[in-house]
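# generate a structure from the sequence data that follows.
(one chain, ligands or ions: 1)
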Amino acid sequence: MNEFAQVMSRYDWHQVKESFESISELQVVAALRKSQQGLELSLSDFKVLISPAAAPYLEHMATLSQGFTQQRFGHTMQLFVPLYLSNMCSNICTYCGFSMENRIRRTTLTMAQIEQEALAIKAMGLDHILLVTGESERKVGMDYFEEALGVLSKHFSHISMEVQPLSTLEYARLAKLGVESILVYQETYHREKYAKYHLKGKKSDFDYRLATPDRVGQAGISKVGIGCLLGLEDWRTDAFFVAAQLDYLEQTYWQMRYSLSFPRLRPCEGGSEVNSPMSERELVQLICAYRLFNHQVELSLSTRESAVFRDNMLKLGVTTMSAGSKTQPGGYANADKSLEQFSIDDNRSVRQVASMITSKGYQVVWKDWQTGLNQY
Ligand code: SF4
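Residues are numbered from 1 along each chain as shown. A predicted model of the protein is given here:
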């Protein structure tokens, strides 16, 4: 059992879930006072801030979140775009359009197609890409990644990856090839329910996935992004475990940087039901609570959310946004929507998102500023 699995074993999922209902407004006021005084918040304080009792204090939370974010990140917003390399997948995940049992057309981009995608993305003005694949080690494994990174590193100064969990040695190889960050979401921290959503393939190994950020840290990659798929199981309980894992990772791999994302379950081919619906207001509450809990962590909001919502969140804690996204392999050079993983909500172009950001007095960051500093 890895160390975070041991941390998790101290908690009972159902007790954590039930505890949200007994949190009082007095506890909320106490946590907010602590935050206002600049004191560090504990995991228990975080739990208080995402409880139903904290909902009436959203405005206060948003003001504090805005202040802490501006202090740490200034008036900036990083933009990136996902580049889907393949929709091949050897797993069955009940909530995903790429799931192995779904009868969709499968494709893996050739190096020539990757080059075309790179040129199309560069023409959009972006310099930070997130490489995404399904999880098919046989078809899309390390050899493929190496070749693809050879093509893409000529075009982009910041490359992140969201692919199948790899070994420490493989992450170390990716670090040498210039990969700056790895995103890996646990989807849900409910161990028993996890097995019901992940029916087949390597992803059904809960513990291997849970220990992935540790392997990323041990391999010396600069940043790891974690999160859960909000809506699969009780979102408050899952969000609590994300915060607990962040806390554990920061204490264990203090030299790494961290980002959090908040994907809400979206409609897709053969998709599963949303068990724990989360309103936009609740998502704001969660984002602000993460910021109050951790002033340094990057908070990333994708085009799964609507344009109006993203515009409103710009000042309230978020530091990174995707823009102009396509969720199908080859989607930038060719608009075949039948291959997409899930539908997106904010369909604006990169130029439109960038001008919204500048119109609100913020500066667009086209590539991660840390890249250069890492060399010294
Ligand atoms: S969530 Fe990932 S691993 Fe699961 S089916 Fe989709 S692409 Fe494959």
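# how about the CA coordinates for stretch 292-302, as PDB?
The C-alpha trace of stretch 292-302 is given here as PDB (Å, rounded to 0.1, in the frame of the first residue of the first chain):
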ATOM      1  CA  LEU A 292      -8.400  29.400   0.500                       C
ATOM      2  CA  PHE A 293      -6.900  26.000   1.500                       C
ATOM      3  CA  ASN A 294      -3.900  26.400  -0.800                       C
ATOM      4  CA  HIS A 295      -2.600  29.800  -2.100                       C
ATOM      5  CA  GLN A 296       0.100  28.300  -4.400                       C
ATOM      6  CA  VAL A 297      -1.800  25.600  -6.300                       C
ATOM      7  CA  GLU A 298      -2.700  26.300  -9.900                       C
ATOM      8  CA  LEU A 299      -6.400  25.900 -10.600                       C
ATOM      9  CA  SER A 300      -7.400  25.000 -14.100                       C
ATOM     10  CA  LEU A 301     -10.800  25.400 -15.700                       C
ATOM     11  CA  SER A 302     -11.600  23.700 -19.000                       C
END
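# max-length helix in this structure?
In the chain, with assignment by DSSP state H, the single longest helix is helix 235-252.
# neighbouring contacts of the helix or strand following that helix?
Proceeding N to C from helix 235-252, the next assigned helix or strand is strand 257-261, under DSSP states H and E. Strand 257-261 is contacted from outside by 181, 183, 185, 222-227, 242, 246, 249-250, 290, 294, 296-302, 320, 370, using CB atoms under 8 Å, 6 or more residues apart in numbering. All C-beta atoms are positioned from the backbone trio N, CA, C, and that covers glycine.
# and what of stretch 243-252?
By CB under 8 Å, 6+ apart, the residues outside stretch 243-252 that reach it are 3-4, 7-8, 11, 43, 46, 186, 189, 210, 213-214, 217, 224, 226, 256, 258, 260, 290, 293-294, 297.
# in helices only, show me those residues.
Taking DSSP H, the ones among the contacts of stretch 243-252 that sit in helices are 3-4, 7-8, 43, 46, 210, 213-214, 217, 290, 293.
# now do whichever strand in the chain runs longest: distance to the chain's middle.
Using DSSP state E to define each element, the chain has its longest strand at strand 76-86. The chain centroid and the centroid of strand 76-86 are separated by 11 Å under CA atoms, centre = their mean, to the nearest Å.
# pull the longest helix of the chain out as PDB, backbone CA atoms only.
Only the C-alpha atoms of helix 235-252 are listed here, as PDB (Å, rounded to 0.1, in the frame of the first residue of the first chain):
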ATOM      1  CA  TRP A 235     -18.600  15.400  -5.100                       C
ATOM      2  CA  ARG A 236     -17.800  16.900  -1.600                       C
ATOM      3  CA  THR A 237     -16.300  13.600  -0.400                       C
ATOM      4  CA  ASP A 238     -14.200  13.200  -3.600                       C
ATOM      5  CA  ALA A 239     -13.100  16.900  -3.400                       C
ATOM      6  CA  PHE A 240     -12.000  16.300   0.200                       C
ATOM      7  CA  PHE A 241      -9.800  13.400  -0.800                       C
ATOM      8  CA  VAL A 242      -8.300  15.500  -3.700                       C
ATOM      9  CA  ALA A 243      -7.300  18.100  -1.100                       C
ATOM     10  CA  ALA A 244      -6.000  15.400   1.200                       C
ATOM     11  CA  GLN A 245      -3.800  14.000  -1.600                       C
ATOM     12  CA  LEU A 246      -2.600  17.400  -2.500                       C
ATOM     13  CA  ASP A 247      -1.600  18.000   1.100                       C
ATOM     14  CA  TYR A 248       0.200  14.600   1.200                       C
ATOM     15  CA  LEU A 249       2.000  15.200  -2.100                       C
ATOM     16  CA  GLU A 250       3.200  18.700  -1.100                       C
ATOM     17  CA  GLN A 251       4.700  17.400   2.100                       C
ATOM     18  CA  THR A 252       6.400  14.500   0.300                       C
END
